[in-house]
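Participant: below: sequence and its predicted model.
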Amino acid sequence: MRRHSIAIALVTLLSCDFPRPPLVSCTQDDCDAGFVCDPISNKCVTAGIDASVPADTSVPADTSSVCILDDECESGVCQQGVGCTTPDAVLYVDPTGIAAGTCNKTEPCELFYAKSLLTETRSIIRLANGEYHLASGLIVDSPIHSLTIVGNHNAVMGRTAAGPVLEVKNGSTLEVRGISLSKGVSCSDSGNVYISRTTFDSVGSEQYPLLMLSNCAVASVSDSELIGSLVDGIHAESGVKLTIARTKISGSAASGVFSTDSQLDIVSSTISDNGDLGVRTAVQKLGIHRTTISSNHGGGVSGIGGEFDITNNYIFRNGNDTNGEFGGLRLDTNTVDNRIIHNTIAYNDSDPVANPLYAGGLFCRGGGSFVNNLIVNNFAGSATQPNAQIGGTCDLVGSQISNSDTESRFVSSIVRPFDYHLATSASRAVNAGVIGPAPEPIDFDGDPRGDGAPDVGADEFKP
């Protein structure tokens, strides 16, 4: 059952490796003041700090201060759990700033002039609220090794010409935190990019992904929204290690996330209402956990080749019966160490005469563990077609596969807002799973599965 207080809180939390006892699962008593126990990661976490971003110890900070959000600091910048950055380490920028001076807090500068003043110990730009219309993209490249851009959502960066508004390349690092963007960000040539609490929308006629990663080394997107791309929301290729956490990707004309020859991990996110697939990947490592993937027109998740670790997800109402090659999940590989465990796959649709013919619910091929999936009421023309629910060769032991979802007893399977949590202990999914290899100890909401036999699907029912 959904834990509303936990679910809402976790949307705003970013995990951080703060010290705690080596417990099986943390409790609130294990966490210091100002931190919260996240049962999903089993860590004490706090808002506004992303452990995936390495602390920059070269930037002066008041280590005696305690901050969570940037606006708690006099400088307007909270440095990654270290403390408030000192004002003399920040370059202050305003839409009406001038190309002169030292860019201090009382006399802010123009953006590109501030960039010219960047040093190793003064590598942070704080944007005042307003609109920044750039004639060209702001590029982070050698000799600039690091740049952090911080602000509020009312600080909006755009570009008057086509192309990304921010670019990072050649081993440099870009962090973007808290602002809004109406054009995309690109990372290439072993650059690193970290994006958190950032909104991408209002792209106009821009035919460019909101996040373009090509031969980028590391990329992280957390607690952000990427809305309305006219192509892919995120496009990643050529070896990037990409993590997406607590982020919404919606309304892309193509796929929400396209990734090839890379490593992709998606956690506690929502990928919905995209024109092609929710997630399209090829020849790579793919992990998706505690994520909702829904109403993507071409299909939910496609993985061709590589390795898969897909657990505790809601995958519903993806695909269509006109040109949908598959509905919910198509995972097709020859590798042997895959996990597809505890997913709820329902009401997905596919073309009944697609060639090749996959499945409305789950098509799975490869070796590994594929236990305790709830695969019900999917379609391939109709729910009674042989490939409406499943296809492929995976051994779905402990899973429930049915043309009807009546006995599953979902909270709301027909009426919006759709909710495929289990509504009652009378659901036939309750205590019906098996304990297979590499089991999942928690469910979609972080509830433990330790009351005997696990429930089938993403939800572990609690009265």
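Facilitator: It's in. Given the structure is predicted, the values throughout are model-derived calculations rather than measurements.

Participant: out of the helices and strands in this structure, which is least certain?
Facilitator: helix 4-11 (a mean of 31; mean pLDDT, DSSP states H and E).

Participant: what number of residues are in the vicinity of Ala162?
Facilitator: Residues within reach of Ala162, counting by other C-beta atoms under 10 Å, total 11. Where C-beta positions appear, they are placed from N, C-alpha and C, glycine not excepted.

Participant: do Val66 as well
Facilitator: For Val66, the neighbour count with other C-beta under 10 Å is 14.

Participant: now the one 3 residues further on
Facilitator: For Leu69, the tally of surrounding residues (other C-beta under 10 Å) stands at 13.

Participant: so it sits against Cys78, correct?
Facilitator: Yes. Under the contact definition of C-beta atoms under 8 Å, Leu69 touches Cys78, with a separation of 6.1 Å.

Participant: could you measure from Glu440 over to Gly457?
Facilitator: Here the criterion is C-beta to C-beta, to the nearest Å. By it, Glu440 lies 11 Å from Gly457.

Participant: between these two, which contacts overlap?
Facilitator: Where contact means C-beta atoms under 8 Å, 6 or more residues apart in numbering, the residues bridging Glu440 and Gly457 through contact with each are 342, 372.

Participant: looking at those two, which is more packed in?
Facilitator: Counting neighbours by other C-beta under 10 Å for Glu440 and for Gly457 shows that Gly457 has the greater number, 34 against 22.

Participant: hang on, the more buried one in a helix?
Facilitator: No. Gly457: not assigned to a helix; according to DSSP: H, G, I helix; E, B strand; the rest coil it is coil.

Participant: list the residues that contact it.
Facilitator: For Gly457, the contacting residues are 342-344, 372-374, 400, 408, 420, 422, 429, taking C-beta under 8 Å, 6+ apart as the criterion.

Participant: residues near Glu407, how many?
Facilitator: Here the neighbour count serves as a burial measure; for Glu407 (other C-beta under 10 Å) it reads 12.

Participant: please give the element, helix or strand, for the closest residue to it other than its chain neighbours.
Facilitator: The shortest distance from Glu407 to any residue other than its chain neighbours is 4.4 Å, reached at Arg428 (C-beta to C-beta, 6 or more residues apart in numbering). Secondary structure assignment for Arg428, by DSSP states H and E: no helix or strand.

Participant: now do Arg428: how many residues are near it, please.
Facilitator: Counted with other C-beta under 10 Å, the burial measure for Arg428 works out to 16 neighbours.

Participant: and it, how far is that from Lys248?
Facilitator: The spacing between Arg428 and Lys248, counted by C-beta to C-beta, is 32 Å.

Participant: swap in Phe363?
Facilitator: Shown here: Phe363 relative to Lys248, a distance of 26 Å by C-beta to C-beta.

Participant: between those two, tell me which one has more neighbours.
Facilitator: More neighbours surround Phe363 than the other of Phe363 and Lys248, with 25 against 19 (other C-beta under 10 Å).

Participant: neighbours around the closest residue to that one other than its chain neighbours, how many?
Facilitator: Leaving out its chain neighbours, the residue that sits closest to Phe363 by C-beta to C-beta, 6+ apart is Gly391, at 4.2 Å. Gly391 is flanked by 23 other residues according to other C-beta under 10 Å.

Participant: confirm Gly391 sits in a strand?
Facilitator: Yes. When the secondary structure is assigned by three-state DSSP, Gly391 falls within a strand.

Participant: the closest residue to Gly101 other than its chain neighbours: neighbour count?
Facilitator: In this structure, Gly101 finds its nearest non-sequential neighbour in Glu107, 5.1 Å apart by C-beta to C-beta, 6+ apart. Using other C-beta under 10 Å, Glu107 has 13 neighbouring residues.

Participant: now do the phi/psi pair for Asp70.
Facilitator: phi -60, psi -40 (degrees, to the nearest 10).

Participant: separation between it and Gly178?
Facilitator: Looking at Asp70 against Gly178, where the rule is C-beta to C-beta, the gap reads 6 Å.

Participant: shared neighbours, those two?
Facilitator: By the contact definition C-beta under 8 Å, 6+ apart, Asp70 and Gly178 are jointly contacted by Val150.

Participant: and the residue nearest to Gly101, what element?
Facilitator: When secondary structure is defined using DSSP H and E, no element contains Glu107, which sits outside every helix and strand.

Participant: that one contacts Thr96, correct?
Facilitator: No. Under the criterion of C-beta under 8 Å, Glu107 is not in contact with Thr96, lying 11.7 Å apart.

Participant: contacts only, for the closest residue to Leu211 other than its chain neighbours.
Facilitator: The spatially closest residue to Leu211, leaving aside those adjacent along the chain, is Ile234, at 4.5 Å (C-beta to C-beta, 6+ apart). Residues counted as contacts of Ile234 (C-beta under 8 Å, 6+ apart) are 209-211, 213, 221, 226, 242, 244, 249, 256-259.

Participant: now do the contacts for the spatially most central residue of the chain.
Facilitator: The structure's the chain has its C-alpha centroid closest to Ile244; by C-alpha atoms, centre = their mean the separation is 2.9 Å. Contacts here follow C-beta under 8 Å, 6+ apart; on that basis Ile244 touches 220-222, 234, 257, 264-267, 269.

Participant: outline the domain layout of this protein.
Facilitator: When the chain is parsed with automatic domain parsing, its domains come out as 4-45, 50-217.

Participant: so which of those is the most surrounded?
Facilitator: domain 50-217 (a mean of 19; mean count of other C-beta atoms under 10 Å).

Participant: mean confidence for that one?
Facilitator: Domain 50-217 carries an average pLDDT of 92.

Participant: likewise for stretch 430-442?
Facilitator: Model confidence over stretch 430-442, given as mean pLDDT, is 92.

Participant: that older thread, looking at the contacts of Ile244, which are in strands?
Facilitator: Using DSSP state E, 220-222, 234, 257, 264-267 are the members of those that sit in strands.

Participant: closest to Gly275 among the residues you listed?
Facilitator: Sorting the ones in strands among the contacts of Ile244 by distance to Gly275 puts Val257 at the head of the list, at 13.1 Å, by C-beta to C-beta.

Participant: can I assume the closest one is in contact with Asp232?
Facilitator: Yes. With contact defined as C-beta under 8 Å, Val257 counts as touching Asp232 (7.2 Å).

Participant: so which of the two has more stuff around it?
Facilitator: A count of neighbours by other C-beta under 10 Å puts Val257 above the other of Val257 and Asp232, at 32 against 27.

Participant: distance of that one from Glu110?
Facilitator: The gap separating Val257 from Glu110 is 35 Å, by C-beta to C-beta.

Participant: cool, and Val279?
Facilitator: Noted for Val279: a distance of 40 Å to Glu110, by C-beta to C-beta.

Participant: now Asp265
Facilitator: Spatial separation of Asp265 from Glu110 under the definition C-beta to C-beta is 38 Å.

Participant: what of Asp451?
Facilitator: According to C-beta to C-beta, Asp451 and Glu110 sit 61 Å apart.
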